[in-house]
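A predicted structure for the sequence below; I have some questions about it.
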Amino acid sequence: MGKGALRGWGNGMASWGDGIPRPGSSRANFLTPGLLMLGPLMIGPLLLGIVACGPADLPPSDAAARVGEEAVPYRLFEQYLERNVGKGETALSSAALTHLFDQFLDEEVLYHLALESTWITPGDTRRQAIEAALSHAASNGVDEAAVSDYYEQHRGEFERPERVRLRQILVAEQAQAKEALAALAAGEDFAQVAERISIDPNASRGGDQGELAETDLPPAFVGPVFSLEPGEISPIVEAEYGFHIFQVVAREPPQVIPLEVAHQEILLRLRQQIADQQLGELLEKARGRYNIQVYEQNLPFEYRGTYRAEENSRR
């Protein structure tokens, strides 16, 4: 239900309060005898009950949620969307918006925890709140034994298959490809021919494609490319979008990246794992600390996330 729809709904609830009997109305004439029978002492509490349950208990029409005693305006979520996915969030599905809204509320909850714990000041950002929360969690130190264990347990991640350093010439017409092949056969440098006639985006770099494994190439190119020795040039290879000529500049055999080379990457991975775990623990602590309520009727999409009332009741 959109925000505009909410305002109409809120007004409808407000009109319920107008149902208090008034002299001269047909409804008042119908109810007044019953009220008179209650006596003066009973009418006051009844009216107080009506007021207590009336529009004052409704959330503000622009509130997307409440964290503790503080309403969270929907515009903050709109700003969050602009920062993370850009404008035009209406194109996103309800499932995608639900996921993003949960992440947004996670940040809000951690922000409140960091603010209440005086880890940050009111002017600090949500990102600063998360960083401050992590800095007050357990140490994210990683010892050398953990790095070595990770390397042994994930050795396959550090295996590199055979690769070739590749150049290519790409043209739109077969006649152009034959012209390029003739120039190469006459001794013209491959890079120069690529710069002169190729339409490949890397033509200005001599058609250099970098280092590629078999899995990096379309299946139709694997045979023609990986059958070449360094310096060799392929025949014309026709494809749906043009005609290719390849040159293998060098071949790199399969290898396993040694631990000393992979060490820094592993260290960063393990630190990230620890940070994610600690952040999750902090988030659970914050969720238990604050009463969090999502005003689904105020959201312009169907919310089915982890902060729904029924989800919270299962925790």
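Thanks, I have it. Numbers count the residues shown, from 1 in each chain.

From here on, just use CA atoms for contacts and neighbour counts.
Will do.

Now the biggest strand by length in the chain: buried residues?
Longest strand in the chain, counting residues (DSSP state E): strand 242-252. Buried positions in strand 242-252, judged by neighbour count with 16 or more other C-alpha atoms under 10 Å: 243-249, 251.

what does that strand rub up against?
162-174, 177, 181, 190, 225, 228-238 (C-alpha atoms under 8 Å, 6 or more residues apart in numbering).

Quick one: buried ones out of these?
By 16+ other C-alpha under 10 Å, those give 163-172, 177, 181, 190, 225, 228, 233-234, 236-238 as buried.

Could you tell me the end-to-end distance of stretch 121-128?
10 Å (C-alpha to C-alpha, to the nearest Å).

cool, stretch 193-201 as well?
End-to-end for stretch 193-201, by C-alpha to C-alpha: 14 Å.

And the helices in the protein?
Assigned by DSSP state H, the chain shows helices spanning 3-17, 26-38, 40-52, 74-85, 94-116, 126-135, 144-153, 174-185, 190-197, 219-226, 259-289, 309-314.

could you redo the ones you listed as TSV and give each row distance to Q209 and mean pLDDT?
Below are the helices of the chain laid out as TSV (distance: least, C-alpha to C-alpha, whole Å; pLDDT from 0 to 100):
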stretch	distance to Q209	mean pLDDT
helix 3-17	51	36
helix 26-38	83	37
helix 40-52	72	43
helix 74-85	31	91
helix 94-116	36	93
helix 126-135	38	86
helix 144-153	30	94
helix 174-185	18	96
helix 190-197	12	97
helix 219-226	12	96
helix 259-289	24	89
helix 309-314	51	55
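
what about L217, neighbour count?
Counted by other C-alpha atoms under 10 Å, the residues lying close to L217 total 11.

distance of it from I199?
Going from L217 to I199 by C-alpha to C-alpha gives 18 Å.

Now do the same contact list for I292.
Counted by C-alpha under 8 Å, 6+ apart, I292 has contacts 65-68, 307.

Can I get the buried ones among those as something I can paste into ChimeraX?
To isolate the buried ones among those in ChimeraX, judged by 16+ other C-alpha under 10 Å, type:
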select :65,66,67,307
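
just the contacts of I292 now: which is nearest K87?
A65 (21.6 Å; C-alpha to C-alpha).

Name the nearest residue to that closest one, sequence neighbours excluded.
V294 (4.2 Å; C-alpha to C-alpha, 6 or more residues apart in numbering).

cool, and A183?
V193 (7.4 Å).

Make TSV from the helices of the chain and add distance to S204 to it.
Putting the helices of the chain into TSV (distance: least, C-alpha to C-alpha, whole Å) gives the following:
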stretch	distance to S204
helix 3-17	53
helix 26-38	85
helix 40-52	75
helix 74-85	33
helix 94-116	41
helix 126-135	41
helix 144-153	40
helix 174-185	16
helix 190-197	5
helix 219-226	21
helix 259-289	32
helix 309-314	57
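
Identify whichever of the ones you listed lies nearest to L299.
helix 3-17 (6.4 Å).

Domain-wise, how is the protein divided?
Per automatic domain parsing, the structural domains of the chain span 3-57, 64-158+260-315, 162-253.

Verify the stated contact: P73 with A63.
Yes: if you go by C-alpha atoms under 8 Å, P73 and A63 touch, sitting 4.3 Å apart.

Which positions in stretch 66-84 come out as buried?
66-67, 71-74, 77, 80-81.

re earlier: please compute how far the longest strand of the chain lies from its chain's middle.
How far strand 242-252 lies from its chain's middle: 38 Å, per C-alpha atoms, centre = their mean, to the nearest Å.

related to what we said a few turns ago, quick one, grab the pLDDT at the residue nearest to A65.
On pLDDT, V294 comes in at 95.

Contacts only, for it.
With C-alpha under 8 Å, 6+ apart, V294 has these contacts: 64-66, 307-309.

Over to P161?
So P161 contacts 213, 253-255 (C-alpha under 8 Å, 6+ apart).

Now it: phi and psi?
Phi and psi for P161, reported as degrees, to the nearest 10, are phi -70, psi 170.

Next one: it, what pLDDT does it get?
Note on P161: pLDDT of 94.

Kindly report the same for N202.
95.

Leaving aside the residues adjacent along the chain, what's closest to it?
D208 (6.2 Å).

Isn't A95 up against R304?
Yes: using C-alpha under 8 Å, A95 is in contact with R304, at 7.5 Å.

Could I get the buried residue list for stretch 213-220?
213-214.

ends of that stretch, how far apart?
End residues of stretch 213-220 are separated by 14 Å (C-alpha to C-alpha).

Centre of the chain to it, how far?
With C-alpha atoms, centre = their mean, you get 30 Å for stretch 213-220.

Over to stretch 219-228?
With C-alpha atoms, centre = their mean, you get 37 Å for stretch 219-228.
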